[in-house]
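1. sharing a sequence plus its predicted fold:
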Amino acid sequence: MAGQHFTVTRLEGVSREQFMQHLYPQRKPLVLEGIDLGPCTSKWTVDYLSQVGGKKEVKIHVAAVAQMDFISKNFVYRTLPFDQLVQRAAEEKHKEFFVSEDEKYYLRSLGEDPRKVMDNLLIQVTGKKRVVLFSPRDAQYLYLKGTKSEVLNIDNPDLAKYPLFSKARRYECSLEAGDVLFIPALWFHNVISEEFGVGVNIFWKHLPSECYDKTDTYGNKDPTAASRAAQILDKALKTLAELPEEYRDFYARRMVLHIQDKAYSKNSE
């Protein structure tokens, strides 16, 4: 049985006050249309970006396929001057390449700030993207390794290997130049570029500052309470390992049931 599919709500002409007071507290993805982003949507052409970005060396991911797997690492790390990267990324076939003439490039950031557990506005300045999101309530169906899902091909998943993935509810949207997607913290997202484009991410902390590690300026780490809980759980699992397998299995299952009963809501959205 296939999971439920939803289209991310699109709203036009939303003011900052409307967003913060009425939409932001709902903690669901939302596409905002008609926001004045200034001249960048028309000005940021390939030639303009190449000229302004200059020859600063940037680290990139290079893969033979569009879907980069950050668990098995189906890409290589390379370095290019920024202007060359922009020119190559806009090509369909490459005269110069690292892996193949139709290789794909991904520049994670011009800075060193891969933020993980924060709210995010993805601003599609130019180009088009398809974005698929999954609720944190469906984490148990996503086959996670750390913060990444093992299911790479979400459109045609291997259900023999990942049978629970069919239960995950899928929220999908298409972004065109000028669209802004709100991605709440903890939501998993898969982004596919349908043509060359530039996106800008803006992150901010959702929780009060005291909930974060004081040394974690940008919210890369889990909230401190979550980190402490994970450490306690690791200690509990090491303690269970002292028991014979039959006992370990029973008490581990009882712990899981206790967590389900006490720690999180089982209600659907």
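-> Sure thing, it's come through. Numbering: from 1, shown residues only.
2. burial count for residue 234?
-> 10 (other CB atoms under 10 Å). For the C-beta atoms, the positions are set from N, CA and C on the backbone; glycine is no exception.
3. remind me which helix or strand it belongs to.
-> helix 224-240 (DSSP states H and E).
4. and stretch 176-189, which residues are buried?
-> 176-188 (16 or more other CB atoms under 10 Å).
5. okay, and for the stretch 51-200 of the chain, where does confidence drop off?
-> The stretch 51-200 of the chain contains residues with pLDDT under 70 at 109-116.
6. what segments of it are strands?
-> Assignment of strands within the stretch 51-200 of the chain using DSSP state E, counting those that start in this stretch yields the ranges 57-63, 75-81, 104-106, 119-126, 129-134, 144-145, 148-149, 170-175, 180-183, 188-193, 198-204.
7. who are the neighbours in contact with the residue nearest to residue 6 when sequence neighbours are not counted?
-> Leaving aside its chain neighbours, residue 6 sits nearest to residue 171 (4.8 Å; criterion: CB to CB, 6 or more residues apart in numbering). Applying CB atoms under 8 Å, 6 or more residues apart in numbering to residue 171 gives the contacts 6, 7, 8, 28, 29, 132, 133, 134, 135.
8. how many neighbouring residues does the last one have?
-> Residues contacting residue 135 under the criterion other CB under 10 Å number 22.
9. my read: it touches residue 187, true?
-> Yes: taking CB atoms under 8 Å as the definition, residue 135 is a contact partner of residue 187 at 6.5 Å.
10. so how far is residue 249 from the residue nearest to residue 6?
-> 36 Å (CB to CB, to the nearest Å).
11. go on, residue 53?
-> Per CB to CB, residue 53 is found 56 Å from residue 249.
12. then residue 196?
-> For residue 196, the distance to residue 249 - CB to CB - is 52 Å.
13. ok, residue 49 to residue 77 distance?
-> 22 Å.
14. show me what the residue nearest the centre of the chain is bridged to.
-> Central residue of the chain (CA atoms, centre = their mean): residue 189, 4.1 Å from the mean position. Legend: beta-bridge partners of residue 189 under DSSP bridges are residue 133.
15. how about the contacts made by it?
-> Counting by CB under 8 Å, 6+ apart, residue 189 touches 131, 132, 133, 134, 183.
16. take those residues and write them to JSON lines, including distance to residue 98.
-> Shown next, in JSON lines, are the contacts of residue 189 (distance: CB to CB, whole Å):
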{"residue": "131", "distance to residue 98": "27"}
{"residue": "132", "distance to residue 98": "28"}
{"residue": "133", "distance to residue 98": "31"}
{"residue": "134", "distance to residue 98": "32"}
{"residue": "183", "distance to residue 98": "30"}
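17. and those residues, which is closest to residue 160?
-> Relative to residue 160, the closest of those is residue 134; by CB to CB it sits at 20.3 Å.
18. so for the closest one, what's the nearest residue that isn't a sequence neighbour?
-> Closest residue in space to residue 134, ignoring its immediate chain neighbours: residue 188 at 4.4 Å, by CB to CB, 6+ apart.
19. burial of residue 144, as a residue count?
-> Residue 144, neighbours per other CB under 10 Å, totals 14.
20. apologies, that question was intended for residue 59.
-> Neighbours of residue 59 (other CB under 10 Å): 12.
21. who's in contact with it?
-> Listed by CB under 8 Å, 6+ apart, the contact partners of residue 59 are 77, 78, 79.
22. from what I see, the second one and residue 62 are in contact.
-> What that stands for is residue 78. Yes: at 5.1 Å, residue 78 counts as touching residue 62 under the criterion of CB under 8 Å.
23. looking at the two, which has the bigger crowd around it?
-> Each of residue 78 and residue 62 has its neighbours counted (other CB under 10 Å); residue 62 has more, 19 against 15.
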